[in-house]
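Engineer: Predicted model, plus sequence, below.
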Amino acid sequence: MMEKTMKYPIAIESGDGHHAWGVVVPDLPGCFSAADSGLDEAIENAKEAITVWIEAVMDDGMVAMSPLRLVSRRIAPSPSLKVGFGRWRKWTRRFSTIRPKG
């Protein structure tokens, strides 16, 4: 049996010698992360943040929001943030793929 995966878009703000790399998950309100050593760590930390966010929502008896299709993101803003992906135009954009439990 094939395991279900979910692919969430993430926005990554580049860090430098004095600032961490910042990560925002537009489809999950309040889900964010950071990294000190660069893009690869930022993406891995985003996976952990998404997993913890979804587990917390499910523990509260709610249903986690599925990622919006990329086409939808270009046309319509995120209902949770009231903004589209364009807000992070200067940020690096990637996808974080997770395998939710349950």
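Structural biologist: Received the coordinates, thanks. Numbers count the residues shown, from 1 in each chain.

Engineer: Quick one: find the helix or strand in this protein with the lowest mean pLDDT.
Structural biologist: For the chain, scoring each helix and strand by mean pLDDT, DSSP states H and E identifies helix 70-75 as the least confident one, at a mean of 45.

Engineer: what pairs with the helix or strand following it, and is each one parallel or antiparallel?
Structural biologist: In the C-terminal direction, the helix or strand that comes right after helix 70-75 (DSSP states H and E) is strand 92-98. Each strand that pairs with strand 92-98, with its direction, by DSSP bridges: strand 6-13 (antiparallel).

Engineer: Check which residues of the partner strand are buried.
Structural biologist: The neighbour-count check on strand 6-13 (16 or more other Cβ atoms under 10 Å) flags 6, 8-13 as buried. No exception for glycine: its C-beta is placed from N, CA and C like everyone else's.

Engineer: will you turn those residues into JSON lines that also has pLDDT and distance to residue 63?
Structural biologist: What follows is the buried residues of strand 6-13, written out as JSON lines (pLDDT from 0 to 100; distance: Cβ to Cβ, whole Å):
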{"residue": "6", "pLDDT": "81", "distance to residue 63": "13"}
{"residue": "8", "pLDDT": "87", "distance to residue 63": "15"}
{"residue": "9", "pLDDT": "88", "distance to residue 63": "19"}
{"residue": "10", "pLDDT": "88", "distance to residue 63": "21"}
{"residue": "11", "pLDDT": "87", "distance to residue 63": "24"}
{"residue": "12", "pLDDT": "88", "distance to residue 63": "27"}
{"residue": "13", "pLDDT": "87", "distance to residue 63": "29"}
